[in-house]
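>>> compute the structure for the input listed below.
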Amino acid sequence: MKTIIKENYESTVKRGLITKRTKHIDFIDKIYEEVNELEEFTNYDNLKEEMADVILTVLNYAKHYKIDIEQELKNKIEINKNR
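Residues are numbered from 1 along each chain as shown. Here you go, the predicted model:
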């Protein structure tokens with residue numbers, strides 16, 4: 001997972017879509033944009049791609065703010081198991 005996160009972030013930075021000036025709200029806006037596209041999927045292949053876009057955007061958000069999202073996911077799974 002760390003490789004996916006790193007490669008995705010680096011390619012997005014390389015395209016200029018994430019910079020040092022990218023703020024919290026910019027990521028939130030992009031997440032909303034991707035979720036809206038997910039809501040409007042028209043076929044199964046489109047659904048898979050749009051779902052991946054949402055996830056990759058959230059992974060970029062976490063990486064940008066130096067959050068170890070893989071560990072946070074594991075932590076959350078443990079919390080959910082114990083509910």
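>>> quick check: the most centrally placed residue in the chain vs residue 83, distance?
With distances taken as Cα atoms, centre = their mean, residue 58 lies nearest the centre of the chain, 2.0 Å away. Separation of residue 58 from residue 83 (Cβ to Cβ, to the nearest Å): 22 Å. Glycine gets a C-beta too; all of them are placed from N, C-alpha and C.
>>> tell me who's in contact with the residue nearest to the centre of the chain.
Residue 58 makes contacts with 31, 69, as judged by Cβ atoms under 8 Å, 6 or more residues apart in numbering.
>>> what helix or strand does it sit in?
helix 44-64 (DSSP states H and E).
>>> in this structure, what residue spans correspond to helices?
2-14, 24-39, 44-64, 69-81 (DSSP state H).
>>> check these for me and report the most buried one.
helix 44-64 (a mean of 16; mean count of other Cβ atoms under 10 Å).
>>> ok, residue 57 to residue 3 distance?
18 Å.
>>> same deal with residue 32?
27 Å.
>>> what of residue 50?
Taking Cβ to Cβ, one finds residue 50 at 23 Å from residue 3.
>>> ditto for residue 72
Counting by Cβ to Cβ, the gap from residue 72 to residue 3 is 18 Å.
>>> what does residue 51 give?
Taking Cβ to Cβ, one finds residue 51 at 20 Å from residue 3.
>>> got it, and residue 82?
In terms of Cβ to Cβ, residue 82 sits 30 Å off from residue 3.
>>> quick one, what contacts residue 63?
Contacts of residue 63 by Cβ under 8 Å, 6+ apart are 5-6, 8-9, 69.
>>> could you export those to JSON lines, including columns for distance to residue 39?
As requested, these are arranged in JSON lines below (distance: Cβ to Cβ, whole Å):
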{"residue": "5", "distance to residue 39": "25"}
{"residue": "6", "distance to residue 39": "29"}
{"residue": "8", "distance to residue 39": "22"}
{"residue": "9", "distance to residue 39": "25"}
{"residue": "69", "distance to residue 39": "23"}
